[in-house]
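In: Sequence plus predicted model, see below.
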Amino acid sequence: MDISTDLCGIALDGPVLNGSGTYDALAARRAFGEALDRDFPFSAFVSKTITGPPRDGNPPHRLWETPSGMINSIGLPNPGLESFVSGDLPQLVGLPVPLIVSVMADSVEGFVTLIEAVAAVEGVAGIELNVSCPNVHSGLIVGEQPTETEALMKALRPLTSLPLIVKLTPNVANPENVALAAEAGGADAVSLINTLKATAIDPDRNRPWLGAGGGGLSGPAIRPIALAQVRIVSAAVTIPVVGMGGITDGESALEFILAGARVVAVGTENFRDPAAGIAVRNGLSAALERRGFASLAEAQASTLS
Amino acid sequence: MPAERPLAPFGRRSCAVTAAGDDGGYRLFTLLDEEGPRPAPGQFYMLTAEGEWQGSSGRPFLPRAISVARVLGERGGLRLGFLIDVVGPGTDRLNRLAKGDSCMIAGPFGTPFSMPKEINPEAVGAVLAGGGIGIAPIAVLRRDLVSRGVATRTLLGFRDRDHSGAVATLFGCEETRLAFEDGSGGHRGYVTDLLELVLAGDDPGGAVVYSCGPPAMLEAVRRMCAGHDVPVELALESPMACGFGACFGCAVPKPDGGYLRLCVDGPVLRGDRIASAMAGEA
């Protein structure tokens, strides 16, 4: 089964990526050794989100298990741009697959700094923009506002010829409007869905369980919502869609491809199985074959009846 | 300085349950691991009971991080023993594993205990303090230290005698000092009472303390050792989704701000590397 593909010019030997913030390839290499590189679980690697200044992340507790999923309230801990570029980034570009770096800032200027620094590093294949942060000037969450998203993209587009992928939030009534704005501003692709706003209550202490009060829901619990949003967004835009949200196996990956995603990303399932990406990739090949598809490209080109 | 740290086989693997039974208030089951390396003392595994996982309630969904309590055998695979106390749906499911079932494991993961001389070149012996279910990694460490000829004293505490049955299985006839909160045997009180007596009676320059138990106990041990200027390594626990550094969920506060990831920086941490052993508890 030929499952090779590409994502806005990045050649991929398969359509399975990781969701940003769900896999630390460098920590995994310390746990598993070179076996990780020999059978790397993804066809492109998306880094955790990097911000300009370092971030410690949220106070514990950071996790809550839900029926068929989990809430995380991690808070984007990262070493900050400077340490990332001198520390982790040179190691990440040495991974056996293309590297997409995820970045987030609370202003256009902050994004400009991040993109200029990351795009200058040889070996970076693409940049994903995490727009789930409030703009420090307007107070609005960029990714919830089509006008803010388009303005951001228009400011960033001239900075680099690398593919720019906008990570969409599902916490809006009409995600296709934000996707269309990203496309109008020059985005090369959109990825969705990010986690759904969620919380958990500790009734013994009469307070939220999570240290930061709330977080984001992920896992198979959100898959039907993700499929609906991928379907709506991919019908609205002409740029490729990276589909994710509760993918656990080849069957669920195929559902996203048929809903309109060009490629897919595995997130929470990585926590349950460090090699989940391999299982999804192999399972997708088998699922395509069972449905009579000659290749991944044929499934990508098919439309739901 | 971390001790040698074996690499885990990549991914997860299915292991047969070769024995399972109630053992003094807890459940002890044994898995046959034909693939993995011998774990170092203090390391842990991510466990998922096959079948019924993510059952009618939709939980448990994530694997559970459990320290290995016993390591036996070399030929034909390792026999890994795990001690379970039911605190939620994950441990409830693991508690119901029976001989013939299978269990998915990933690991061994994490930074193990250091040897006493790695912590303090002048060390002449080790003092081990375990509480409740926390006797599991202490039992593995004890065997390792004894096999290396390290002088070791073991102090164990339980809520009552009914919860101490695994001592015989995991520690055999090795000398241990026991404390029971309800006075049903040994010292009436906490294991920290025994530790205080040992530290007060010793030349503290020669001791290294290792401890595992409930958060409040570990915090008491941490402060006691700091007060006596004795180095201590604590095996902590935390909610954890992945066990290999991916989820960033198992944050433990550092004294100077920021957090450690318990799964990769720990689960064994020097007492002076953390702000508190009770993160998220208060």
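Out: Here it is on my side, so go on.

In: low-confidence ranges in chain B?
Out: B:1-4, B:52-57, B:74, B:202-205, B:280-282 (pLDDT under 70).

In: what about 50?
Out: B:1-2 (pLDDT under 50).

In: what about residue 199, how many residues close to it?
Out: No chain in the question, so chain A it is. Here the number of neighbours of residue A:199 (other C-beta atoms under 10 Å in any protein chain shown) works out to 16. (Glycine included, C-beta is placed from N, CA and C.)

In: that answer is for a different chain, and I need it for chain B
Out: Around residue B:199 sit 19 other residues, with neighbours defined as other C-beta under 10 Å.

In: what sits against it?
Out: Contacts for residue B:199 (C-beta atoms under 8 Å, 6 or more residues apart in numbering or on different chains) come out as B:127, B:207, B:209, B:224, B:225, B:228, B:230.

In: Enumerate the residues of the stretch 101-250 of chain A near chain B.
Out: Proximity of the stretch 101-250 of chain A to chain B is confined to A:211, A:219, A:221 under the rule C-beta under 8 Å from any C-beta of the partner chain.

In: How far does stretch B:171-184 sit from its chain's centre?
Out: 17 Å (C-alpha atoms, centre = their mean, to the nearest Å).

In: and that stretch, which residues are buried?
Out: B:171, B:176, B:177, B:178, B:179, B:180, B:181 (16 or more other C-beta atoms under 10 Å in any protein chain shown).

In: Over to stretch B:222-239?
Out: Neighbour counts over stretch B:222-239 (16+ other C-beta under 10 Å) mark B:222, B:224-225, B:228, B:230-239 as buried.

In: Just want the residue of the stretch 151-300 of chain A that's nearest chain B.
Out: The stretch 151-300 of chain A approaches chain B most closely through residue A:275 (3.2 Å), counting by C-beta to the nearest C-beta.

In: Span of stretch B:72-87 from start to end?
Out: Chord length of stretch B:72-87, first to last residue, is 27 Å (C-alpha to C-alpha, to the nearest Å).

In: just how off-centre is that stretch within its chain?
Out: Counting by C-alpha atoms, centre = their mean, stretch B:72-87 comes out at 13 Å from the chain centroid.

In: Show me the helices in chain A, by range?
Out: Ranges of helices in chain A, per DSSP state H, are A:25-32, A:35-38, A:81-86, A:88-92, A:108-119, A:146-156, A:175-184, A:223-236, A:250-259, A:269-272, A:276-290, A:296-301.

In: Pick the most buried one from the ones you listed.
Out: helix A:269-272 (a mean of 24; mean count of other C-beta atoms under 10 Å in any protein chain shown).

In: Quick one: end-to-end distance for stretch B:151-165.
Out: 25 Å.

In: What are the buried residues along that stretch?
Out: Neighbour-count burial for stretch B:151-165 [16+ other C-beta under 10 Å]: B:152, B:153, B:154, B:155, B:156, B:157, B:158, B:161, B:163, B:164, B:165.

In: what about the third one, which SS state?
Out: What that stands for is residue B:154. strand (DSSP: H, G, I helix; E, B strand; the rest coil).

In: which residues touch it?
Out: Residue B:154 neighbours (C-beta under 8 Å, 6+ apart): B:128, B:130, B:138, B:142, B:171, B:174, B:175, B:176, B:177.

In: so how far is residue B:193 from it?
Out: Taking C-beta to C-beta, to the nearest Å as the measure, residue B:154 falls 15 Å from residue B:193.

In: just the second one next, same as before
Out: Per C-beta to C-beta, residue B:153 is found 14 Å from residue B:193.

In: So which bits of stretch B:260-270 are buried?
Out: B:260, B:261, B:262, B:263, B:264, B:265, B:266, B:267, B:268, B:269.

In: What distance separates the opening and closing residues of it?
Out: End-to-end for stretch B:260-270, by C-alpha to C-alpha: 12 Å.

In: what's it in contact with?
Out: A:27, A:30-31, B:42-44, B:65, B:67, B:109-114, B:119, B:137, B:231-238, B:240, B:242-245, B:248, B:250-252, B:254, B:273-274.

In: Show only the entries of the residues you listed found in strands.
Out: Members of those lying in strands (criterion: DSSP state E): B:44, B:65, B:67, B:109, B:232, B:233, B:234, B:235, B:251, B:252.

In: What residues does the second one make contact with?
Out: It refers to residue B:65. B:44, B:45, B:46, B:47, B:109, B:237, B:238, B:240, B:243, B:263, B:267.

In: so which of the buried residues of stretch B:151-165 would you say is closest to chain A?
Out: Using C-beta to the nearest C-beta, the buried residues of stretch B:151-165 come closest to chain A at residue B:163, 22.4 Å.

In: How about the closest one, nearest residue that isn't a chain neighbour?
Out: Residue nearest to residue B:163 in three dimensions, not counting chain neighbours: residue B:25, with 3.5 Å by C-beta to C-beta, 6 or more residues apart in numbering or on different chains.

In: How about residue B:175?
Out: residue B:154 is the one closest to residue B:175 (C-beta to C-beta, 6+ apart), at 7.1 Å.

In: bridging residues for the one you found?
Out: Note on residue B:154: beta-bridge partners by DSSP bridges are residue B:128.

In: Kindly export stretch A:33-42 (C-alpha atoms) in CSV.
Out: C-alpha atoms of stretch A:33-42 as CSV (Å, rounded to 0.1, in the frame of the first residue of the first chain):
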residue,chain,number,x,y,z
GLY,A,33,17.6,4.5,23.0
GLU,A,34,18.3,4.2,19.3
ALA,A,35,15.3,1.9,18.8
LEU,A,36,13.3,5.1,18.6
ASP,A,37,15.2,6.4,15.6
ARG,A,38,15.3,3.1,13.8
ASP,A,39,11.5,2.9,13.9
PHE,A,40,10.4,6.5,14.4
PRO,A,41,6.7,6.5,15.0
PHE,A,42,5.8,9.6,12.9
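
In: Chain A contacts on the stretch 151-282 of chain B?
Out: Residues of the stretch 151-282 of chain B lying near chain A (C-beta under 8 Å from any C-beta): B:238-242, B:244-253, B:257-259, B:261, B:264, B:279-280.

In: Mind doing that once more with 7 Å?
Out: By C-beta under 7 Å from any C-beta of the partner chain, the part of the stretch 151-282 of chain B that sits against chain A consists of B:239, B:241-242, B:244-249, B:251, B:257-259, B:264, B:279-280.

In: Can you flag which of the residues you listed belong to helices?
Out: residue B:264.

In: Pick the one among the residues of the stretch 151-282 of chain B next to chain A closest to residue B:105.
Out: Checking those against residue B:105 by C-beta to C-beta gives residue B:244 as the nearest, at 12.5 Å.

In: contacting residues for that closest one?
Out: Neighbouring residues of residue B:244 by C-beta atoms under 7 Å, 6 or more residues apart in numbering or on different chains: A:27, A:28, A:31, A:274, B:109, B:263.

In: residues contacting the residue lying closest to it once chain neighbours are set aside?
Out: Spatially, and ignoring its direct neighbours in sequence, residue B:244 is nearest to residue A:31 (4.3 Å; C-beta to C-beta, 6+ apart). By C-beta under 7 Å, 6+ apart, the contact set of residue A:31 is B:8, B:109, B:244, B:245.
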